[in-house]
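S.K.: Return a 3D structure for these sequence lines:
(2 chains)
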Amino acid sequence: MTESESLAPPVAPVTDWQPLPDAARRVSMLVGALAWLPFGAIPTLVGSAFISGWPARIALGLACLALAALIGAWMGRARWSRTAWRLDERGLQVRRGLVWRSELLVPRTRVQHLDLERGPIERRHGLATLVVHTAGTRLYALRQSGLLDADAVALRDALLPEAELHDPAL
Amino acid sequence: MTPPSEPLAEGQAERRLHPLSWLFVLIQQIKSFAIPLLVLLFTGRGNSWELWGLVGAGVLVLVSLAQYFTYRFRVERDGIVIRSGLFQKSLRHIPFQRIHNVALHQSLLHRVFGVAEVRLESAGGMRPEGEMRVLSLGDAHALEEIVRSHGQAAGNDAAATGDTTTPARELLSLPTSEVVRLGLISNRGMILVAAAFGVLAQSGSDLVGDSLKSWVKLLMGWGKDLHLGTLGWIVGAVSLLLVAVVALRLLSVLLALLQFHGFTLIENGRRLSVQRGLLTRLRANMPRRRIQAWSLRESLTHRWFGRRSLRVDSASVEAVNDQRSLRDLAPLATPEAMDALIRHLLPGGQWPLSDWRPLHPRAWRRQFMLPALFTLGLVAVLTWRQGPWGLVALGLLPLLLVRAKVWARHAGYCLENGVIAVREGWLDKSWRFAEAGKVQALRLSRSPFDRRHGMATLLLDTAGASPLEPPLRIRYLPEAEARRLHDRLAAEMDRAAATTRARTAA
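M.R.: Have a look, this model is predicted:
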């Protein structure tokens, strides 16, 4: 297939799995902790009904919130360590999931358009989210957060659909 | 401006819709305001609401007239230009290339006036590219013809342009007897009744509950008067059930006749077109290559009648819930006729496939486990509440086991000639397949249960798939085999893209 060689992206194809950067671990832990905080409120409310005295209630609340945040941060870290991406001549592949593990492949020829998103937390850590849109229905977009800004830009450039690659069936 | 009496042709000056189109726009608007109007009618008390209703109707008429006077379109060499809007003017240029489907829709009223509603559909959009409410029938057919000829002249497939000279050919037509069979097989009546119940229950009225209660009371009272024994009650209940089943099937037949009377599938060059409907005539067109995925179904009732049904996904998203799209490509045909039809339409031309591979040897356990656990839970609850009689539910277990075994024996997948196919089912068998070139993304996933058995699930995403139908996915594959298949598919997807590219370049 000489044709696919001539279509090689400007950046050298990376064929092994790339982990997310350390900055993404911090963000993932932070986001996980924040997402789990509300779960700490439930045992606090239930426990407060059985405990009298405000200092004890406040102490219980803080302990529950801290525990929830810890669990969230641990989950965030685990999720970070399970996530990896790979760009080869076929396309972009992303591996993720703690309990339900999945590997998603979007071939280069199926990329419709690409988005780069940078939220406030990600901006502070020099990270970006890459969204790869396809014409599919259930997997209409592959969204990967926590990529280094430079990596995300390079991936976007490498995956940009070329006019002659466009699937004429659509 | 070209007077509407002249036939529609390319390069003419701008023209308006059919002079009666304001009437149909008005009807459409009244339909969309029907619920508020009804609410007003039922809850509105006092003297002023009639006045407001009149004002509202007057505004609607004015809006419809304004729409008629501001909507203009013309056919150019490369597309259709639509100019519309009173305050917010819009100019829309739709290239012929982008038009996937020209859908003609004729309700009874449309037929009385000899007009049709035309929709120009493209891929991906949630709304049609252009909507012409309404054109005279002659203009609608002319427009359809123009789009068709341009779609072929544009010739994305250099190889297929030879087909353009072939005359229209009828691939499938359903005589009334077949449509009646379709009604008996499909349970459209049940769906309609369920929907009606749902709407009534949602509306918050006690109508359903009250009428049901009074009916039951009436029947019970009648039964008591007859002094029936247990046997009499059972016979009564069974006959009542039978009457309900027969009534539902009759309703299904009626609906099938309404929707599918005079169904014909015609191949015209590379375009497929379907015509159907008793009162409301529908006509839809689509190039053959826009078919994204196929699903063939054979339920138990299908098998009793020796028939199968074929549906296809096309690329336009909004077509998913729209009954005027070309989803039901072949509502009913004998297995042989269906195989021949698929063989004719599927690029590669090989069907039925032969190289079927089984799933993981323990796949039946995965199908058995969840319902079995559920049954055990049910038995526990029943025994606790009803005593030893609850153990009768254990009798379900062998049935579930047989079901799982039969399911696993029939299930399988096949990748042959660039077509990936999955078959599943027990009483209700289904085949779902797509060309590898139409697959958009691949996902290999492993749930905790998958990992325990060393299995994996492969999901193949295609465009325009209906969320109501099962996805194109292969469950319970041995993990190593799933990875091999994943890589093979990725290669096939690339190759398909390369060949279409080469063809486009040629």
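S.K.: domains of chain A?
M.R.: Residue ranges for each domain of chain A read A:28-79, A:85-165, as given by automatic domain parsing.
S.K.: out of these, nearest to chain B?
M.R.: Ranking the domains of chain A by their distance to chain B (criterion: Cβ to the nearest Cβ) puts domain A:85-165 first, at 3.6 Å. In this view, the C-beta of every residue, glycine as well, is placed from N, C-alpha and C.
S.K.: quick check: mean pLDDT across the closest one?
M.R.: Confidence for domain A:85-165, expressed as mean pLDDT, is 88.
S.K.: Quick one: distance of it to the chain centre.
M.R.: Mean-position distance between domain A:85-165 and its chain equals 9 Å (Cα atoms, centre = their mean, to the nearest Å).
S.K.: Can you confirm whether that domain lies near chain B?
M.R.: Yes: contact of domain A:85-165 with chain B is found when judged by Cβ under 8 Å from any Cβ of the partner chain, involving A:90-91, A:97, A:99-107, A:109-110, A:134-140, A:142, A:164-165.
S.K.: quick one on the thing from earlier: would you format the domains of chain A as TSV with mean neighbour count included?
M.R.: Converted to TSV, these look like this (neighbours: other Cβ atoms under 10 Å in any protein chain shown):
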stretch	mean neighbour count
domain A:28-79	15
domain A:85-165	18
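S.K.: Turn those into JSON lines, including distance to B:G464.
M.R.: Listed next are these as JSON lines, based on distance: least, Cβ to Cβ, whole Å:
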{"stretch": "domain A:28-79", "distance to B:G464": "32"}
{"stretch": "domain A:85-165", "distance to B:G464": "7"}
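S.K.: To B:E416, which of those domains lies closest?
M.R.: Checking the domains of chain A against B:E416 by Cβ to Cβ gives domain A:85-165 as the closest, at 20.3 Å.
S.K.: got any ranges where the stretch 401-506 of chain B has weak pLDDT?
M.R.: B:500-506 (pLDDT under 70).
S.K.: again, only this time at 90
M.R.: Low-confidence regions of the stretch 401-506 of chain B, defined by pLDDT under 90, span residues B:416-418, B:425-428, B:437, B:463-471, B:492-506.
S.K.: Grab the most central residue of chain A for me.
M.R.: The centre of chain A sits closest to A:S145, judged by Cα atoms, centre = their mean, with a distance of 3.4 Å.
S.K.: same deal with chain B?
M.R.: Mean-position check on chain B, Cα atoms, centre = their mean. Result B:R327 at 4.7 Å.
S.K.: Need the three-state assignment for that residue.
M.R.: Classification of B:R327 using DSSP: H, G, I helix; E, B strand; the rest coil returns coil.
S.K.: Quick one: residues contacting the spatially closest residue to it that is not a sequence neighbour.
M.R.: Leaving aside its sequence neighbours, B:R327 sits nearest to B:R311 (Cβ to Cβ, 6 or more residues apart in numbering or on different chains; 5.3 Å). Contact analysis of B:R311 by Cβ atoms under 8 Å, 6 or more residues apart in numbering or on different chains lists B:294-295, B:297, B:327-329, B:469.
S.K.: Among these, which one sits closest to A:T44?
M.R.: The closest of the contacts of B:R311, once distances to A:T44 are taken by Cβ to Cβ, is B:E469, at 45.2 Å.
S.K.: Show me the strands in the stretch 151-300 of chain B, by range?
M.R.: B:169-173, B:264-268, B:271-276, B:281-287, B:291-298 (DSSP state E, counting those that start in this stretch).
S.K.: Same check on chain A?
M.R.: A:14-19, A:84-87, A:91-96, A:101-107, A:113-117, A:127-133, A:141-148 (DSSP state E).
S.K.: Quickly find the element holding B:D355.
M.R.: Using DSSP states H and E, B:D355 sits within no helix or strand.
S.K.: closest to A:A150 among the contacts of B:R311?
M.R.: For the contacts of B:R311, the nearest to A:A150 is B:E469 (42.0 Å; Cβ to Cβ).
S.K.: what about the strands of chain A, which gets the closest to B:T70?
M.R.: strand A:113-117 (33.3 Å).
S.K.: contacting residues around that closest one?
M.R.: So strand A:113-117 is contacted by A:128-133, A:152-153, A:156, A:159-161 (Cβ under 8 Å, 6+ apart).
S.K.: Within the sheet, what are the partner strands of that strand, with directions?
M.R.: strand A:127-133 (antiparallel) (DSSP bridges).
S.K.: ok so, going back, any idea how far B:E14 is from the residue nearest to the centre of chain B?
M.R.: 34 Å (Cβ to Cβ, to the nearest Å).
S.K.: contacting residues around A:R82?
M.R.: A:95-98, A:101.
S.K.: Mind picking the one among those residues that's closest to A:I71?
M.R.: For the contacts of A:R82, the nearest to A:I71 is A:L98 (12.6 Å; Cβ to Cβ).
S.K.: That closest one is in contact with A:R77, isn't it?
M.R.: No: using Cβ atoms under 8 Å, A:L98 is not in contact with A:R77; the gap is 10.5 Å.
S.K.: Output the below-cut-off pLDDT ranges for the stretch 51-200 of chain B.
M.R.: For the stretch 51-200 of chain B, the ranges with pLDDT under 90 are B:51-170, B:186-200.
S.K.: 50 instead?
M.R.: Within the stretch 51-200 of chain B, the ranges that satisfy pLDDT under 50 run B:155-165.
S.K.: how about the helices of the stretch 1-150 of chain B, start to end?
M.R.: For the stretch 1-150 of chain B, applying DSSP state H, counting those that start in this stretch gives helices covering B:21-32, B:34-43, B:48-70, B:108-113, B:137-154.
S.K.: want to throw the ones you listed into TSV with distance to A:I58 and mean neighbour count?
M.R.: Putting those into TSV (distance: least, Cβ to Cβ, whole Å; neighbours: other Cβ atoms under 10 Å in any protein chain shown) gives the following:
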stretch	distance to A:I58	mean neighbour count
helix B:21-32	56	17
helix B:34-43	51	11
helix B:48-70	58	14
helix B:108-113	71	15
helix B:137-154	72	18
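S.K.: Looking at these, spot the one closest to B:R119.
M.R.: helix B:137-154 (10.5 Å).
S.K.: Just the residues contacting that closest one, thanks.
M.R.: In contact with helix B:137-154 (Cβ under 8 Å, 6+ apart) are residues B:4, B:7-10, B:18, B:75, B:78, B:80, B:96-97, B:99, B:102, B:104, B:106, B:114-116, B:118, B:120, B:132, B:135, B:161, B:164, B:268-271, B:283, B:285, B:287.
S.K.: just checking, A:A33 touches A:A73?
M.R.: Yes: applying Cβ under 8 Å as the test, A:A33 and A:A73 come out as touching, 4.4 Å apart.
S.K.: one step back: for the strands of chain A, give me a markdown table that also has distance to B:G454.
M.R.: Shown next, in a markdown table, are the strands of chain A (distance: least, Cβ to Cβ, whole Å):
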| stretch | distance to B:G454 |
| --- | --- |
| strand A:14-19 | 21 |
| strand A:84-87 | 22 |
| strand A:91-96 | 18 |
| strand A:101-107 | 13 |
| strand A:113-117 | 36 |
| strand A:127-133 | 30 |
| strand A:141-148 | 26 |
